[in-house]
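# The amino acid sequence is not available; the structure is as follows:
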């Protein structure tokens, strides 16, 4: 099945989301090429093992609509039937635009897929990962948004061997581009992640989490509830609409464990949960659950480490 | 200025979603998806500044229309809703087809959404509607600054960026982007007399196809033999010991 993987440039390299999909494409023996979207001058996105086309946009334009136009041409010219993109901001916009162009609805939040003749079977995780919802796409064009961390990242020697297509367009101007400074361990690759939920009661108590995280060299995450409440930026949200993490140790503090949160962390190797509600669903997936007052326990752990 | 703002009625999000075949079970009484309150708030701020007319658009099984009422209580002028049995189990594109047609019906200059619904989570409807309407999509808005022009701050994977709102466009607003207003008693009463127009699929230009077929739902749950301990004062030490055992410290 002729396949296109949509990647992005992250830290001047091909995004991990694209490299994860490469692993699956190799496993299935798919005939694939990659299109990478970015604005960098000379990113390391090429490889000897696949064809890569670089769609270079101006960082000062909101040009994803024009990028989709270009992708549409590539899909038609190369008679591609399967299009795979990581479920990122850019991936979601592009897949949505293309699904309209080809009159084929996408499947979002896919955690796995298989080829069955001319069809593709997709799996979604529902009920906090306790069930898998399987669908079959039989339209000629198939668009999938893949959840990050669904597959292992392919390790490849990347180079600058690719073809560049520049986008010049009349798209809306973008200004005041702000790059969030990345300090300390990052959610995506930290061995320990500590997440906070409503049980921390007040945003000021997050300093307790911060202190513990510093001692453990851990990244900090949060639930949708506290992100919505403005305690933490969206970039730290763990769960269905936030990030997926799979650290060696995940410590859930004052998190009840809504299914939307579980989807983003249930595959952590070891889960420690502290919550004062004995019935909190988080205890069903925790390896070690402590029924305790989170606010008083956290500083005690920090002090005694 | 005319604004269409999308409101989705969803089952009570505190309860676990259940399925009938591949479709989410929808009780007669559904509530407004909290995610949509952010989009509605942006619409209302634009209404206050530019004297815009704001219409709630919605599709799906209407039931008691509680969620539509909750949307109207915040302050929109009226609603245009579409219910049709043939839309049960719609894919994203079918939904976007209906919503883009509803946006056209109210002659909206600006069409506003949340970023993804709490029950479906497909997260692509605003972008699909923009493509169907042929207007730019300003997605993942996390801040709105309304002056003579409107400056929108977008969330990006590395931080944020700003865009001036075009005259015709689709917006998607992230949760937490603005502070949704709470209706007071007067607002709740006033909403009851606001016009709700109900139309059917025959009234719109609809040509989307179902290309997805439900296969099955498989139980993949693994019962974890986790330990649950009630803290009797030494709980912190149990966690420290475990962290040592896991070589996390």
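Ah, there it is. Keep in mind that this is a model prediction, so the values were computed, not measured.

# Touching, residue A:138 and residue B:209? I think so.
No. With contact defined as Cβ atoms under 8 Å, residue A:138 does not count as touching residue B:209 (11.0 Å). C-beta coordinates here come from the backbone N, C-alpha and C atoms, glycine included.

# Could you pull out the helices in chain B for me?
Assigned by DSSP state H, chain B shows helices spanning B:34-50, B:66-74, B:92-105, B:125-133, B:185-191, B:235-245.

# looking at those helices, which is buried most?
helix B:125-133 (a mean of 26; mean count of other Cβ atoms under 10 Å in any protein chain shown).

# next one: that one to chain centre, how far?
Counting by Cα atoms, centre = their mean, to the nearest Å, helix B:125-133 is centred 14 Å from the centre of its parent chain.

# Which elements pack onto it?
On a contact count with 3 or more Cβ pairs under 8 Å, 6 or more residues apart in numbering or on different chains; DSSP states H and E, helix B:125-133 meets helix A:64-77, helix A:89-101, helix B:92-105, strand B:110-114, strand B:137-146, strand B:169-173.

# Would you tell me whether the second one gets close to chain B?
This points to helix A:89-101. Yes. If you take Cβ under 8 Å from any Cβ of the partner chain as the test, helix A:89-101 does meet chain B, through A:89-90, A:92-93, A:95-97, A:99-101.

# Go ahead and confirm residue B:47 touches residue B:75.
Yes. With contact defined as Cβ under 8 Å, residue B:47 reaches residue B:75; the gap is 7.3 Å.

# how many neighbours does residue B:218 have?
11 (other Cβ atoms under 10 Å in any protein chain shown).

# which residues does it contact?
Counting by Cβ atoms under 8 Å, 6 or more residues apart in numbering or on different chains, residue B:218 touches A:131-132, A:134.

# Residue B:30 contacts residue B:63, doesn't it?
Yes. At 5.7 Å, residue B:30 counts as touching residue B:63 under the criterion of Cβ under 8 Å.

# any idea how far chain B is from the nearest residue to residue A:22 once chain neighbours are set aside?
The shortest distance from residue A:22 to any non-neighbouring residue, by Cβ to Cβ, 6 or more residues apart in numbering or on different chains, is to residue A:154 (4.2 Å). Per Cβ to the nearest Cβ, to the nearest Å, residue A:154 is found 20 Å from chain B.

# which residues sit in contact with residue A:154?
Per Cβ under 8 Å, 6+ apart, neighbours of residue A:154: A:19-20, A:22-23, A:26.

# which residue packs closest to residue 116, ignoring adjacent ones?
Answering for chain A, as no chain was given. Counting by Cβ to Cβ, 6+ apart, the residue nearest residue A:116 is residue A:136, at 7.3 Å.

# Actually, chain B is the one I wanted.
Distances taken as Cβ to Cβ, 6+ apart place residue B:123 nearest to residue B:116, at 3.7 Å, with adjacent residues excluded.

# Quick check: pLDDT value at residue B:223.
On the pLDDT scale, residue B:223 is placed at 67.

# Am I right that residue A:206 falls within a strand?
No. Assignment of residue A:206 by DSSP: H, G, I helix; E, B strand; the rest coil gives helix, placing it outside any strand.

# Let me know whether it touches residue A:229 as I believe.
No. The pair residue A:206 / residue A:229 is not scored as a contact, 11.1 Å apart, by Cβ under 8 Å.

# The two: which has the busier surroundings?
Using other Cβ under 10 Å as the criterion, residue A:206 and residue A:229 rank with residue A:206 on top: 18 against 15.

# what about the strands in the stretch 1-150 of chain A?
Counting by DSSP state E, counting those that start in this stretch, the stretch 1-150 of chain A has strands at residues A:2-10, A:13-14, A:31-38, A:52-56, A:82-86, A:107-116, A:119-126, A:131-137, A:142-146.

# name the helices or strands packed onto the fourth one?
Contacts of strand A:52-56 with other secondary structure elements, assessed using 3+ Cβ pairs under 8 Å, 6+ apart, are made with strand A:31-38, helix A:64-77, strand A:163-166.
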